[in-house]
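A.B. asks: need a 3D model of the sequence below.
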Amino acid sequence: MHTKKNLMSVGMLSWFVLIGNAVFADADTQRQAIIETAKQYQGVSYRYGAESPRAFDCSGFVRYVYRTAVGIELPRTSKTIWASGQSIGIAEAQMGDIVVFASKGTINHVAILLDADSVIHAVSLGPKTGVIISSLQDRYFGPRIIGVRSFLPPYSGAH
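C.D. replies: Sure thing, here's the model as predicted:
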């Protein structure tokens, strides 16, 4: 026989489960909003220190997209993004997570993961400048990946 206290416990547990699922469902929406927002800025110029739809540097782009798409305020630099968020492996990364890169041991670039093989980022690299999509297998960027940071709850949708 259930007592009133047991029923309340079951009711509270159900409430927490529903809230938890709502949070995860919201994460799917947030991740999609990040990707859609980021793609709107393809072709925008690169400018060091810039953080607006007129021009971006890499961390300015990631920061602007997160703020605009989901209202999350990220740290300003690649190094401070690397020092923040939740560290996750590249194999566990989800769309919308932030891929961090280093060159010669110095953290110097961030990008938004689009899918298992590509990122969108603001770059200044020879003929490729501005907000572009690159493969994670890219000869320049691929070997410089040092990890992934997530600022969102785990992705709950099908992959």
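
A.B. asks: ok, now which ones touch D26?
C.D. replies: P153 (CB atoms under 8 Å, 6 or more residues apart in numbering). Where you see a C-beta, it was placed from the backbone N, CA and C, and this is true even at glycine.

A.B. asks: what's the answer for E73, then?
C.D. replies: R63, Y66, R67.

A.B. asks: most neighbours, which of these?
C.D. replies: Using other CB atoms under 10 Å as the neighbour criterion, Y66 leads these with 24 neighbours.

A.B. asks: filter the contacts of E73 down to the ones in helices?
C.D. replies: Here DSSP state H is the test, and these give R63, Y66, R67 as lying in helices.

A.B. asks: can you pull out the low-pLDDT segments for the protein?
C.D. replies: Applying pLDDT under 70 to the chain flags residues 1-25, 154-159.

A.B. asks: go again using 80 as the cut-off
C.D. replies: Along the chain, the parts satisfying pLDDT under 80 run over 1-25, 125-127, 153-159.

A.B. asks: coming back round to it: any chance of the ones in helices among the contacts of E73 in CSV, with distance to I133 too?
C.D. replies: Formatted as CSV, the ones in helices among the contacts of E73 follow (distance: CB to CB, whole Å):
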residue, distance to I133
R63, 19
Y66, 18
R67, 21
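
A.B. asks: so which of these is the closest to G89?
C.D. replies: Y66 (20.9 Å; CB to CB).
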